[in-house]
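Colleague: Pasting a predicted model and its sequence here:
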Protein chains: 4
Amino acid sequence: MAEAGHDLKAIYVNCSLKRDSGESHTATLMKASAGILEEQGVSVDWLHMASHQIAPGVYPDMTEQGWPTDEWPEIWPRVRDADILVIGTPLWLGEESSLCRVLIERLYAMSGELNDKGQSLFYGKTGGAIITGNEDGIKHTSMTLLFALQHLGYSIPPQADCGWIGEAGPGPSFGDKNDDGIRAGFDNGFTKRNCTIMSWNLIHLARMLKANSGYPNTGNDRNALNDGELFGFRLPG
Amino acid sequence: MAEAGHDLKAIYVNCSLKRDSGESHTATLMKASAGILEEQGVSVDWLHMASHQIAPGVYPDMTEQGWPTDEWPEIWPRVRDADILVIGTPLWLGEESSLCRVLIERLYAMSGELNDKGQSLFYGKTGGAIITGNEDGIKHTSMTLLFALQHLGYSIPPQADCGWIGEAGPGPSFGDKNDDGIRAGFDNGFTKRNCTIMSWNLIHLARMLKANSGYPNTGNDRNALNDGELFGFRLPG
Amino acid sequence: MAEAGHDLKAIYVNCSLKRDSGESHTATLMKASAGILEEQGVSVDWLHMASHQIAPGVYPDMTEQGWPTDEWPEIWPRVRDADILVIGTPLWLGEESSLCRVLIERLYAMSGELNDKGQSLFYGKTGGAIITGNEDGIKHTSMTLLFALQHLGYSIPPQADCGWIGEAGPGPSFGDKNDDGIRAGFDNGFTKRNCTIMSWNLIHLARMLKANSGYPNTGNDRNALNDGELFGFRLPG
Amino acid sequence: MAEAGHDLKAIYVNCSLKRDSGESHTATLMKASAGILEEQGVSVDWLHMASHQIAPGVYPDMTEQGWPTDEWPEIWPRVRDADILVIGTPLWLGEESSLCRVLIERLYAMSGELNDKGQSLFYGKTGGAIITGNEDGIKHTSMTLLFALQHLGYSIPPQADCGWIGEAGPGPSFGDKNDDGIRAGFDNGFTKRNCTIMSWNLIHLARMLKANSGYPNTGNDRNALNDGELFGFRLPG
């Protein structure tokens, strides 16, 4: 397995509802994860959804569907070129933000793109999820995000999600300064361990996939499948 | 990458509510998937949850928690030794069966087990999900199952779920003979393609992980993490 | 119970990703539901999310949070004044549209508003969900929508969701003309019955709540609760 | 509206995985809720799933499907006769227990039963959910439970769920004594308020439905629907 990670690229997409990326609590945990990747030589790109006018929808360019503006076509190459995608989202009513669903719609919009093996373009990439809130929903939202990622073609390494929530009910968000000056969640060993594990496993699997040039295309070659090839699949007589 | 798969083992666990495994509709699609693996030299084991008395709960042996019988301790080595786990479940009210949740509880009960690298015992294994019903819920249930699997330490290859449902509302289950003698879902190209893709991608990733002896333990060594090592994780000052 | 419904108001909010409301498949089923309400004297208002610039976020007016435009403050009175809210959404990757999550965020943004009994403003209103797609996810999305509605204060009558999906995989959307000229889903008795039941039960519960002037405020008076009153709640010593 | 509640019956079903009901953390919060109902004259019945041999499955009597024992047929009349159903469940991997899914399957098994208006037998009843864990998943599990309840025919009053979880990660369960002698969650105002609100709203809606003899059967009369009556439902030409 290749030890060097300097040829790996990651993109961290923050789906915070804060216009100002500096105010995002989710970003605080995302940065800690990205720090691990950078120390291993992975080049890290950042996308703050709320700083862009990205139209909702399931087409590559929504201006062709009547939307007045759409920055997605400019942004897409950055996602396309990243070996690792980490989605960060806050929790509202126990679920991901609306901007996070815009991201998923736009990723889905690109699912017709194939790599040169005829596989979904997302094959060979790895994905993970970082979720913070003050209340409830890390696991629910991880289900949603990791399902969407693997459905698109990303590989999910072990324990590829992490997050922080406080005790049930309203309260400080991740990193908020409490009265005693301590920052909420910063002493939570569970959150820190899970973020560490996720970050390293994303690197491990991304390196392994890079060293193997992704997946063989037997069984997943989209053109062959469309032509009716089923690679040995047989239903009982 | 190792081309040969004859050293790989898979276990297909059917969470059908049918006592008689021969009546399970989900089994029909599971067998088609298993056929692909067997043809590639993977040895396939089968577990039909409803044929066993497996107690609910989150401990390795529930007889120690007051349950009168529990076959899980005998069954566990078969799951432990399999490189690939495929969970099959029917849909009821849009979700997995109760026997499927028993399976997840009992897998979770083993999450304290470590391999000789100090990782969760599930590291290095791959997982997928097969879901059938007559109505609705493949994606919802895949979210649940794939989340649980990755949370335990399984790796999820691209597009690791497949299934069949009919049009909204009650109707024939997968493989039921319709009036015209055609078996429900058997002509559904989407279901057949997805099952093919899932099955092959499970093989591809399992081979890759086998050839790499699983994951390096940097960042995920449970003993080190428990001792406070954080492998470069740092929160902002 | 009041038989007359002419004093009831409903709002149907369509979260379709189609800019042109005329192209929405979900709207077709929504109209059938609305027809039942209108025939019973309920006045029906329509909101097509994609026709408006409604900012994402959890505040009443997002222009105060840095967003350039936000039509929600103008729209809100229409939602506030409706006794019945029906949310319609298409399915993408098995879940509601991003515009649907914008709606939920903006409803949540209003959860501080109280009626003159000191209850959440949504108390006394009833809610339901209509979901269409070509593939999978009616129940998953109903879980999300009905949970959010009841969490905000809406009452959910029996069987308050309906929808249509086709057999697993891509295919026609609700109402699309098939080759034989028949419109997809139009002959689906399950969908039609569920839409009928939902629509009537929304009317029945809305009338009952209207006749009772909503809920008594014992136990749910927000001001009293904030003052520490617990209305008989006692934890074991 | 009838003020007296002495003619109302409630059943609290605990889906804890603890064999011994006395060890259940969820029961602690359930009892606080039941206390409010009893004080209002509601008669309260208790069912501890783990104390019974209730087979999984979707038929009224699973011994007819090959299961060796099944206590559900004896238990069912207690659920059938209760005006209010409160389901309590612990969280495992962010979801309800397997015993909770057994309960949902067995309730679903009874969905063919009709009352004397030809409606689902669950019409006119109200339902709520109480969820505790040490980590995450109140909202996810409420989505599942409240969806299932309304799908069966229960009515869901405003804010019909409550629960307690601690900060992200393992930790004490609800009511566990901390080192300082304080019981976990007992000082959580959010949990206490939500439990109070849920309990009262269940009473309010149950009384209202009782006073109105449940729902009119226009639009939901199962026999008429089965005969093709659609009560004014019309799709566009």
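Modeller: Received, thanks.
Colleague: quick check: angle from the longest helix anywhere in chain A to helix B:189-211?
Modeller: Determined from DSSP state H, the single longest helix within chain A is helix A:189-211. Going by axes from the mean of the first three to the mean of the last three C-alpha atoms, to 10 degrees, helix A:189-211 is angled at 90 degrees with respect to helix B:189-211.
Colleague: anything in helix A:189-211 sitting right up against chain D?
Modeller: Yes. For helix A:189-211, a contact with chain D is found by C-beta under 8 Å from any C-beta of the partner chain, at A:189, A:190, A:191. Every C-beta, even on glycine, is put in place using the N, C-alpha and C of the backbone.
Colleague: Against which helices or strands is the following helix or strand past that helix packed?
Modeller: For helix A:189-211, the following helix or strand on the C-terminal side (DSSP states H and E) is helix A:222-226. In terms of contacts (3 or more C-beta pairs under 8 Å, 6 or more residues apart in numbering or on different chains; DSSP states H and E), helix A:222-226 is packed against helix B:189-211.
Colleague: export the helix it packs on as CSV, just CAs?
Modeller: The C-alpha trace of helix B:189-211 is given here as CSV (Å, rounded to 0.1, in the frame of the first residue of the first chain):
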residue,chain,number,x,y,z
GLY,B,189,-33.6,-4.7,-14.8
PHE,B,190,-33.0,-2.2,-12.0
THR,B,191,-33.2,-4.8,-9.3
LYS,B,192,-31.0,-7.3,-11.2
ARG,B,193,-28.4,-4.7,-12.1
ASN,B,194,-28.2,-3.4,-8.5
CYS,B,195,-27.8,-6.9,-7.1
THR,B,196,-25.1,-7.6,-9.6
ILE,B,197,-23.2,-4.4,-8.8
MET,B,198,-23.5,-4.9,-5.0
SER,B,199,-22.3,-8.5,-5.2
TRP,B,200,-19.3,-7.7,-7.3
ASN,B,201,-18.3,-4.7,-5.3
LEU,B,202,-18.4,-6.7,-2.1
ILE,B,203,-16.0,-9.2,-3.7
HIS,B,204,-13.7,-6.4,-5.0
LEU,B,205,-13.4,-4.6,-1.7
ALA,B,206,-13.1,-7.9,0.3
ARG,B,207,-10.3,-9.0,-1.9
MET,B,208,-8.6,-5.6,-1.7
LEU,B,209,-8.8,-5.6,2.1
LYS,B,210,-7.6,-9.2,2.3
ALA,B,211,-4.6,-8.4,0.1
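Colleague: pLDDT averaged over it - what is it?
Modeller: Per-residue pLDDT values across helix B:189-211 average out to 98.
Colleague: Equivalent analysis for stretch A:214-222, please.
Modeller: 98.
Colleague: Neighbour count for the residues of helix A:189-211 next to chain D - can I get that in JSON lines?
Modeller: Formatted as JSON lines, these follow (neighbours: other C-beta atoms under 10 Å in any protein chain shown):
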{"residue": "A:189", "neighbour count": "13"}
{"residue": "A:190", "neighbour count": "17"}
{"residue": "A:191", "neighbour count": "26"}
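Colleague: What sits closest to residue A:81 if chain neighbours are left out?
Modeller: residue A:9 (6.0 Å; C-beta to C-beta, 6 or more residues apart in numbering or on different chains).
Colleague: That neighbour is in contact with residue A:45, isn't it?
Modeller: Yes. With contact defined as C-beta atoms under 8 Å, residue A:9 counts as touching residue A:45 (6.8 Å).
Colleague: so which strand or helix has residue A:141?
Modeller: helix A:138-152.
Colleague: Which is the succeeding secondary structure element to the helix or strand containing residue A:34?
Modeller: With elements taken from DSSP H and E, the one containing residue A:34 is helix A:25-39. Going down the chain from helix A:25-39, the next helix or strand is strand A:43-48, by DSSP H and E.
Colleague: for that following strand, packing partners?
Modeller: Packed next to strand A:43-48, using 3+ C-beta pairs under 8 Å, 6+ apart, are strand A:9-14, helix A:25-39, helix A:72-80.
Colleague: buried stuff in that strand?
Modeller: The neighbour-count check on strand A:43-48 (16 or more other C-beta atoms under 10 Å in any protein chain shown) flags A:44, A:46, A:47, A:48 as buried.
Colleague: Please name the residues that touch the residue nearest to residue A:27 when sequence neighbours are not counted.
Modeller: Closest residue to residue A:27 apart from its sequence neighbours, by C-beta to C-beta, 6+ apart: residue A:14 at 5.5 Å. The neighbours of residue A:14, taking C-beta atoms under 8 Å, 6 or more residues apart in numbering or on different chains as the test, are A:21, A:24, A:26, A:27, A:30, A:46, A:47, A:48, A:49, A:88, A:89.
Colleague: Quick check: which of these has the minimum pLDDT.
Modeller: Of all the contacts of residue A:14, residue A:21 carries the smallest pLDDT score, 91.
Colleague: Could you check how many residues crowd around it?
Modeller: Per other C-beta atoms under 10 Å in any protein chain shown, the neighbour tally for residue A:21 reads 16.
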